[in-house]
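Student: With the input below, show me the fold.
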Amino acid sequence: MTDISITSARADLAETIKSARKKPIRITSRGQTQAVIISPSLYEKMIEAMEEIEDLNAYDAALADQEPAIPWEQVKKDLGL
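Tutor: Numbers count the residues shown, from 1 in each chain. Model (predicted):
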């Protein structure tokens, strides 16, 4: 990841964005990170990864909270099928 000051990023925003297509750019002010610019493809990959993690967490929670299963024959009987 490359660090660029806010002043430098502002002075050449087009080049900063172009550079961010290749690797993330950390925008800093007085040595502190203020923002990160990433490519759209990296952003999409990160969103997909977070959604996968959320799905896995939901799956794990469902398994942990699982009540005893009702046999299919009992379900059909209860529904009058």
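
Student: all contacts plus neighbour counts: C-alpha atoms, from now on.
Tutor: OK.

Student: how about the strands in this structure?
Tutor: 2-5, 25-29, 32-37 (DSSP state E).

Student: So in that sheet, which strands flank the shortest one, and in what orientation?
Tutor: According to DSSP bridges, strand 2-5 forms sheet pairs with strand 25-29 (parallel).

Student: gap between the strand it pairs with and the chain center?
Tutor: 21 Å (C-alpha atoms, centre = their mean, to the nearest Å).

Student: What residues sit buried inside it?
Tutor: 25-28 (16 or more other C-alpha atoms under 10 Å).

Student: export it as PDB, just CAs?
Tutor: The C-alpha coordinates for strand 25-29 follow below in PDB (Å, rounded to 0.1, in the frame of the first residue of the first chain):
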ATOM      1  CA  ILE A  25      -3.500   4.200  -1.700                       C
ATOM      2  CA  ARG A  26      -3.600   5.400   1.900                       C
ATOM      3  CA  ILE A  27      -4.400   9.100   2.100                       C
ATOM      4  CA  THR A  28      -2.700  10.700   5.200                       C
ATOM      5  CA  SER A  29      -2.700  13.900   7.000                       C
END
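
Student: Identify the residues contacting it?
Tutor: 1-6, 9, 16, 19, 33-38 (C-alpha atoms under 8 Å, 6 or more residues apart in numbering).

Student: for these, which one is nearest residue 53?
Tutor: Proximity to residue 53 was ranked across the contacts of strand 25-29 by C-alpha to C-alpha; first place goes to residue 38, at 20.7 Å.

Student: Can you tell me the number of residues neighbouring the closest residue in space to that closest one that isn't next to it in sequence?
Tutor: The spatially closest residue to residue 38, leaving aside those adjacent along the chain, is residue 24, at 4.7 Å (C-alpha to C-alpha, 6 or more residues apart in numbering). Residue 24 has 18 neighbours, counted by other C-alpha atoms under 10 Å.
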